[in-house]
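J.: take a look and give me a structure for this.
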Amino acid sequence: MNYNNAKHKVLKLFVKVKLDYIEEYHLTREFYLTIDEVVKKEKLSYDVAKLILASLLANEEIKFNNSIDEDGYSGYAITNKGVFAYEDKKYLRIRIERSRSSWSFIISIVSFLISLVAILLTICEPEKEEQANINRNEVQKGLLIRSQNN
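T.: I've put the predicted structure just below:
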């Protein structure tokens, strides 16, 4: 499972719920989601949802309201930092950057190997040229000896 994609989807859920609530009730009050609602709406396992919410909490992109407020709601709510993270596609960019760094590492290894092969071929070529010169000299000597015998 790609946790960065899942984090982005969870943030998207929080943003959508918040915007829908503001649009429907014309209030800017926080709207809370429980972990069970996140599991149900995003079709995640409970453990994965817990892990993702803990990560988002640690980054202060969501907050947890443990005490029930006057309307009887408690749960997780998105913060401004979370809205910005969603809008900037923070977790999608992280995935792309990791992929890019992996590919650049692979390309540098392949480049190193190609350079190594080129160096080894350059080192081995003079020996082949020397052997070819020796063979050429032997052939010329052989021709010289035959022409002298005739």
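
J.: enumerate every residue touching Leu51.
T.: Leu51 sits next to Tyr3 when contact means C-beta atoms under 8 Å, 6 or more residues apart in numbering. C-beta here means a position set from N, CA and C on the backbone, and glycine is covered the same way.

J.: pop out the phi and psi values for it.
T.: When read as degrees, to the nearest 10, the backbone of Leu51 gives phi -60, psi -40.

J.: again, but for Glu60
T.: The phi/psi pair for Glu60 (degrees, to the nearest 10) is phi 60, psi 30.

J.: report pLDDT for it.
T.: At Glu60, the pLDDT value in this model is 87.

J.: and the gap between Arg98 and Ser108?
T.: According to C-beta to C-beta, to the nearest Å, Arg98 stands 16 Å off from Ser108.

J.: which residue ranges form the helices in the protein?
T.: According to DSSP state H, the chain carries its helices in the segments 3-25, 35-42, 46-58, 80-87, 90-149.

J.: as JSON lines, those helices with distance to Asn66 would be great.
T.: Shown next, in JSON lines, are the helices of the chain (distance: least, C-beta to C-beta, whole Å):
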{"stretch": "helix 3-25", "distance to Asn66": "17"}
{"stretch": "helix 35-42", "distance to Asn66": "13"}
{"stretch": "helix 46-58", "distance to Asn66": "12"}
{"stretch": "helix 80-87", "distance to Asn66": "18"}
{"stretch": "helix 90-149", "distance to Asn66": "26"}
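
J.: where in this structure is pLDDT low?
T.: Residue ranges of the chain with pLDDT under 70: 1, 22-30, 67-73, 125-150.

J.: Arg98: what's it in contact with?
T.: Counting by C-beta under 8 Å, 6+ apart, Arg98 has no contacts.

J.: can you get me a residue count around Arg93?
T.: Counted with other C-beta atoms under 10 Å, residues neighbouring Arg93 total 12.

J.: same deal with the one 3 residues further on?
T.: Residues contacting Ile96 under the criterion other C-beta under 10 Å number 11.

J.: for Ser111, see how far away it is.
T.: 22 Å.

J.: Ser101 now?
T.: 15 Å.
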